[in-house]
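Engineer: Here is the input, now give the coordinates:
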Amino acid sequence: MEKTKFYKKTFNNIIKIFNVLREYEKEEKGFLTVSKISKITGLHKWTVSRILDLYLYPYVEIITPEHLDEVGLNLKLVRLKDPNLSLENLIKYLKLSRKI
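Structural biologist: Below you'll find the model as predicted:
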């Protein structure tokens, strides 16, 4: 039985999100919110959040302020752990982990 591969669209979305994070990190602006990534990429917030949680989690630092959860706000602050990470290395990892 062949391993399941994800859609090409998912792969393209991963690349979009990664490129936004990398560009933002190069400009040394700090953390991005899921909403901001969503606006820049044109992807839905849920899609961005899911890709961060499922595919990019080893490469991103995600902070969720707990005191905001108490008042009903879910906020994720995201940035790359390693700003020098290349797209090629990310693709190698994803292929090795058989997620794509």
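Engineer: make it CA atoms for all contacts and neighbour counts henceforth
Structural biologist: Fine.
Engineer: mean confidence for stretch 52-69?
Structural biologist: Stretch 52-69 carries an average pLDDT of 86.
Engineer: what's the one helix or strand in the chain whose mean pLDDT sits lowest packed up against?
Structural biologist: When each helix and strand of the chain is scored by mean pLDDT, DSSP states H and E, helix 66-69 comes last, with a mean of 73. Helix 66-69 sits against no helix or strand, with contacts defined as 3 or more Cα pairs under 8 Å, 6 or more residues apart in numbering; DSSP states H and E.
Engineer: Please list the outside residues in contact with it.
Structural biologist: 74-75 (Cα atoms under 8 Å, 6 or more residues apart in numbering).
Engineer: What are the buried residues along the helix of greatest length in the chain?
Structural biologist: In the chain, with assignment by DSSP state H, the single longest helix is helix 8-26. For helix 8-26, burial by neighbour count (16 or more other Cα atoms under 10 Å) applies to 11, 13-14, 16-18, 20-22, 24-25.
Engineer: May I have the secondary structure class of Ile62?
Structural biologist: Here Ile62 is recorded as strand under DSSP: H, G, I helix; E, B strand; the rest coil.
Engineer: Now do it: how many residues are near it, please.
Structural biologist: For Ile62, the count of nearby residues is 19 (other Cα atoms under 10 Å).
Engineer: oh, and call the first residue 45 from now on, that's how I've got it
Structural biologist: Sure, I'll start counting at 45 from here, so that last one is Ile106.
Engineer: Touching, Ser79 and Lys89? I think so.
Structural biologist: Yes: with contact defined as Cα atoms under 8 Å, Ser79 counts as touching Lys89 (6.0 Å).
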